[in-house]
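Undergrad: coords please:
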Amino acid sequence: MDFLFGLWNKNWVRLLVVTFLVIAGFKVLLPFAGPFFPAFLVVCCLQPLFTCLHKKTGIPKGILVAGTLVLFTLFLGLLLWLAWISVGGILEEAGELLVFFGDRLAMFFYEGIDYLEMKLHLKDGVLASQMTESMNRLLQDAGLVVGERAVGISYSYVEKLISVIIYITFLVIGILLLVRDYDGIIRYLSGQKWFDMFRRIGRRLFSLGKVYLRAQFIILGCISALCIAGLWVCGIKNPILWGLIAGILDIFPFIGTGMVLIPLGLVAIFFGNYWALPMGILLYAATTFLRHLLEPKLVGDKLDIYPVLLLFSVFIGISLFKIGGIFLGPVCLFLIKEIYREVKIPENV
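TA: As a prediction, this is how the structure comes out:
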């Protein structure tokens, strides 16, 4: 036992223990928290606003929360509607592109068939009819397989949709209940040593989160504006939409604006726009340089975390939590840093 207490008095051991507990807690306990953990976060962030509005207007907090949720739902619906219109435009362009490539492929196919018939001294059209018949049978068989799989995929999507509806329902109910009981819960827990510690950690995390998110939104706006301008100069259709998509993808590590700019340049070549690809490569280099220039200035020492650790946390987060790790990885890193700050032994002691 003395040996364990001796180990606990070493700061590096405390750091390892805190790291393990935070990651294990997110990995094991977060799925059981379900919608109630995000509901708690939403209430903690918006409670001061609801309290202020309640004092000024006298409207019960429950009604204020319900109205806020309705407005948020309408705003989200508007965004989804705009996204659906944009996706429809993209699908229409993709359909035109597929028709274009299909015509080219068919032309090469029949030219090749004519060449083989000439070389093999076959009757004109014999080889083409046989290959066309074989392709039709192959497509029919493929259609049956795809149809069977589509039924399973549709059922899976219905299950996911029901799960999302249930999750959102519990999230809304959890927010309404927590808003009503929030003041009582805080009064009951106030004075508890562990609660005061986590309250301090929560406030510092909220401050760090504001700095990080503000920096990312500024960078997203600058990179999106640069991409929109560059794509417009290149003559790419829907430059605003593609520029915004490129800016959003730039937030995610290992993806970047190149996932949009380079393919757009390659596709534009088939339509005679030969400047789009060099411009896309130049834009990709410019946006990468812009992020590396802005991020240290906007974030810098405010987070008190080395940028390489932030990138490493995203990589570990993706490994542990899949796509959600892009956000959960940095959250775990900030939480480990702040908890260790509370439990570490001062060096002068």
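
Undergrad: How about the contacts made by residue 174?
TA: Taking C-beta atoms under 8 Å, 6 or more residues apart in numbering as the criterion, residue 174 is in contact with 35, 36, 39, 40. C-beta here means a position set from N, CA and C on the backbone, and glycine is covered the same way.

Undergrad: what does residue 295 give?
TA: With contacts defined as C-beta under 8 Å, 6+ apart, the neighbours of residue 295 are 215, 219, 307.

Undergrad: which stretches of this structure have low pLDDT?
TA: Regions of the chain meeting the criterion pLDDT under 70 cover residues 1-9, 83, 85-106, 108-157, 253-254, 299-303, 346-349.

Undergrad: ok so, going back, tell me the one among the contacts of residue 174 nearest to residue 245.
TA: residue 35 (28.8 Å; C-beta to C-beta).

Undergrad: I'd say the closest one and residue 165 touch.
TA: No. Contact status for residue 35 versus residue 165: not in contact, 11.6 Å apart, counting by C-beta atoms under 8 Å.

Undergrad: Neighbour count: those two, which is higher?
TA: Set side by side, residue 35 and residue 165 give different neighbour counts by other C-beta atoms under 10 Å, the larger being at residue 35 (17 against 10).

Undergrad: which residue packs closest to the more buried one, ignoring adjacent ones?
TA: The shortest distance from residue 35 to any residue other than its chain neighbours is 3.8 Å, reached at residue 171 (C-beta to C-beta, 6 or more residues apart in numbering).

Undergrad: Run through the neighbouring helices and strands of the helix or strand hosting residue 248.
TA: Mapping residue 248 onto the secondary structure by DSSP states H and E places it in helix 239-249. Packing contacts for helix 239-249, counted by 3 or more C-beta pairs under 8 Å, 6 or more residues apart in numbering; DSSP states H and E, involve helix 61-120, helix 193-234, helix 258-270.

Undergrad: ok now that helix, how far from the chain's centre?
TA: Averaging C-alpha positions (C-alpha atoms, centre = their mean, to the nearest Å) puts helix 239-249 14 Å from its chain's average.

Undergrad: Report the inter-axis angle for it versus helix 193-234.
TA: For helix 239-249 and helix 193-234, the angle between their directions (axes from the mean of the first three to the mean of the last three C-alpha atoms, to 10 degrees) works out to 140 degrees.
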